[in-house]
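> Give me the fold of what follows.
(one chain, ligands or ions: 1)
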Amino acid sequence: MEYVTSNQRQVPALGLGTYRLKGEACTEVVSRALKLGYRHIDTAEYYNNQAAIGKALAGTTVDRDELFLTTKVWRNNLEYDDFLQSTRQSLAKLGLETVDLLLIHWPSRSVPMEETIEAMNELQSTGEVNQIGVSNFSVDQLERARTLSDTPILTNQVEYNPYTNQADLLEYCIENEIILTAYSPLAKGKVADDETLATIAKRHGKTPAQVALRWSLQQEQVAAIPKASSPDHLQANLDVFDFELTDAEMTAIFDLQGGLLTKLQRALGL
Ligand SMILES: NC(=O)c1ccc[n+]([C@@H]2O[C@H](COP(=O)([O-])OP(=O)(O)OC[C@H]3O[C@@H](n4cnc5c(N)ncnc54)[C@H](OP(=O)(O)O)[C@@H]3O)[C@@H](O)[C@H]2O)c1
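Residues are numbered from 1 along each chain as shown. Have a look, this model is predicted:
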């Protein structure tokens, strides 16, 4: 496993996404993932699977301090008191005293950001939350969150895959040592049918999905949280640290975003 660093905290670069996994099936997948070597798990209040993940965490032999567990608060709970209550309910469901990372799932149109950030900082001061972050924030919203918070913003979790251009945000994250956590890094499974990725994959003896993950993880400050439920997919997604894409291959994949050289590619000299 490789790590991405922000705020002197090392985060496993590859995590397990759990959206749409529920109940017993979710517990089984997460337990299997932990056995295979996953140490970073992503959930959310909205996914309705925190208790199922809590069961898997209760049954694992992996040390708590090796695990990196992220959860998120949904947009209807962003007012101060609701936010505290929602987070405490998440902790109870997960069976944890502290969550490693707590995110605002989506920016709010109605609740002032300072109110939510104040609640996050309060949860950090009580030890219920270790690190804080945001999700689906623009560069401007991320900048504002950083200004309002007493503590660093560890990540902005956004959609990032070969079809989604996040060049401006990633540039900002690199400049400020923030992690860009790539959600839907497999474009919800669509990368499996991509011809460009398939051609590159053949050269490396890998699959298109593995190449898509490698492309994400080969970029500075990027972590990825693919969701997988089948045992083969779970294992395949871990096996992306034993090969490297060339600059030409990285460029060919960036080109899937529209064929234009982005500022980021130029900055990377690609
Ligand atoms: N913050 C947010 O607003 C937000 C939004 C969306 C997602 N997320 C997070 O990001 C996670 C991942 O995103 P996602 O679930 O949208 O999609 P994804 O990870 O891009 O794709 C998941 C799909 O890809 C398939 N897959 C997994 N590994 C594969 C492989 N090696 N080869 C071929 N297919 C493979 C899975 O199949 P099987 O399940 O059959 O293995 C599943 O159908 C979510 O689960 C969630 O934790 C966050």
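> Can you list the buried residues in the helix or strand in which Glu143 is found?
In this structure, Glu143 sits in helix 139-148 according to DSSP states H and E. With burial defined by 16 or more other Cβ atoms under 10 Å, the residues of helix 139-148 counted as buried are Leu142, Arg144, Ala145, Arg146, Leu148. C-beta coordinates here come from the backbone N, C-alpha and C atoms, glycine included.
> ok, now how distant is the residue nearest to the last one when sequence neighbours are not counted from the ligand?
Looking back up the chat, that one is Leu148. Nearest residue to Leu148 in three dimensions, chain neighbours excluded: Ile117, at 4.5 Å (Cβ to Cβ, 6 or more residues apart in numbering). Relative to the ligand, Ile117 is positioned 18 Å away (criterion: Cβ to the nearest ligand atom, to the nearest Å).
> neighbours of Ile117, just the number please.
Counted by other Cβ atoms under 10 Å, the residues lying close to Ile117 total 25.
> mind checking the SS state of it?
helix (DSSP: H, G, I helix; E, B strand; the rest coil).
> I figured it hits Thr151, correct?
No: Ile117 lies out of contact with Thr151 (Cβ atoms under 8 Å); the separation is 9.3 Å.
> so what's in contact with the two at the same time?
Residues touching both Ile117 and Thr151 (Cβ atoms under 8 Å, 6 or more residues apart in numbering): Ile132.
> quick one on the thing from earlier: between the buried residues of helix 139-148, which is closest to the ligand?
Closest approach to the ligand among the buried residues of helix 139-148 (Cβ to the nearest ligand atom): Leu142, at 13.8 Å.
> Could you tell me which residues make contact with whichever residue of the stretch 1-150 of the chain sits closest to the ligand?
Nearest to the ligand, among the residues of the stretch 1-150 of the chain, is Gly17, at 2.3 Å (Cβ to the nearest ligand atom). By Cβ under 8 Å, 6+ apart, the residues touching Gly17 are Asp42, Tyr183, Ile225, Pro226, Lys227, Ala228.
> Please repeat the previous calculation with a cut-off of 10 Å.
Counting by Cβ atoms under 10 Å, 6 or more residues apart in numbering, Gly17 touches 41-44, 47, 181-186, 224-228, 237.
> Those residues of the stretch 101-250 of the chain touching the ligand, which are they?
Within the stretch 101-250 of the chain, the positions lying close to the ligand (Cβ under 6 Å from any ligand atom) are 105, 135-136, 157, 183-189, 192, 207, 209, 225-230, 233, 236-237.
> Next one: Gly258, what pLDDT does it get?
Model confidence at Gly258, given as pLDDT, is 71.
> isn't there a strand covering Gln124?
No: per three-state DSSP, Gln124 lies outside any strand segment and is helix.
> Look up the pLDDT of the nearest residue to the residue of the stretch 1-150 of the chain closest to the ligand once chain neighbours are set aside for me, please.
Nearest non-adjacent residue to Gly17, counting by Cβ to Cβ, 6+ apart: Lys227, 3.5 Å away. In this prediction, Lys227 carries a pLDDT score of 98.
> need the contact list for Lys227.
Contacts of Lys227 by Cβ under 10 Å, 6+ apart are 15-21, 29, 42, 183-186, 188-189, 233-234, 237.
> Show me just the buried residues among those residues.
Buried among the contacts of Lys227 (16+ other Cβ under 10 Å): 15-19, 21, 29, 42, 183-186, 233-234, 237.
> picking that back up, can I get the helix holding Glu143 in CSV, CA atoms only?
Once non-C-alpha atoms are left out, helix 139-148 reads as follows in CSV (Å, rounded to 0.1, in the frame of the first residue of the first chain):
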residue,chain,number,x,y,z
VAL,A,139,-12.0,25.5,-5.4
ASP,A,140,-13.6,28.6,-4.0
GLN,A,141,-15.7,26.7,-1.5
LEU,A,142,-12.6,24.7,-0.4
GLU,A,143,-10.6,27.9,0.0
ARG,A,144,-13.4,29.3,2.2
ALA,A,145,-13.6,26.2,4.3
ARG,A,146,-9.9,26.4,4.9
THR,A,147,-10.2,30.0,6.0
LEU,A,148,-13.0,29.3,8.4
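> pLDDT score for Tyr172?
Reported pLDDT for Tyr172: 97.
> cool, and Ala267?
63.
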